[in-house]
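Participant: Next one to model:
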Amino acid sequence: MNTPERSRQKRSVSKRATRVAVLGLLAAGATGAIATSPAFAAGTSDTVGNCYTQWWNTAWAQKCPAPGAKWTETYESGITCSAQGGRTLTVGRAKGSTSTVNGSDCTFSASNGWITVY
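Facilitator: I've put the predicted structure just below:
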């Protein structure tokens, strides 16, 4: 038998189920948005003598991909740290050197990399 009281109970249960489903979808969407949107900054300087400076969030490095450094010289790289100012890295390279040399990390963020040869 369908009484007004029983109809009210059915609507209440249905409303609760809908609310739970909507909140679940919203929570899943928010989590998905957070998981797929990492804070990440990166960049690569101009190339000099086949070497360049690359930086990420707080880390950076001097790289010379194959066939390696063009000259036997001193390669100097640098970046700007948001809180500490500039950092530099001087590497004496032989012609053909392909090693990656890591710079000392920034506390907060790295940006504006450069490289020069002398």
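Participant: any weak-confidence spans in the protein?
Facilitator: Filtered on pLDDT under 70, the chain yields the residue ranges 1-41.
Participant: Quick check: can you list the domain ranges of it?
Facilitator: Domain assignment for the chain by automatic domain parsing gives 1-37, 43-117.
Participant: hey, where'd the helices end up in the chain?
Facilitator: 4-35 (DSSP state H).
Participant: As a check, name the ranges of all strands in it.
Facilitator: Using DSSP state E, the strands of the chain run over 43-44, 52-55, 60-63, 73-81, 85-93, 101-102, 110-117.
Participant: Only C-alpha atoms, please: export the last one in CSV.
Facilitator: The C-alpha atoms that make up strand 110-117 are tabulated as CSV, following Å, rounded to 0.1, in the frame of the first residue of the first chain:
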residue,chain,number,x,y,z
ALA,A,110,65.4,28.0,-10.7
SER,A,111,65.0,30.0,-13.9
ASN,A,112,66.8,32.0,-16.6
GLY,A,113,69.6,29.6,-17.4
TRP,A,114,72.7,30.6,-19.5
ILE,A,115,76.0,29.2,-20.7
THR,A,116,79.2,30.7,-22.1
VAL,A,117,82.6,29.4,-23.2
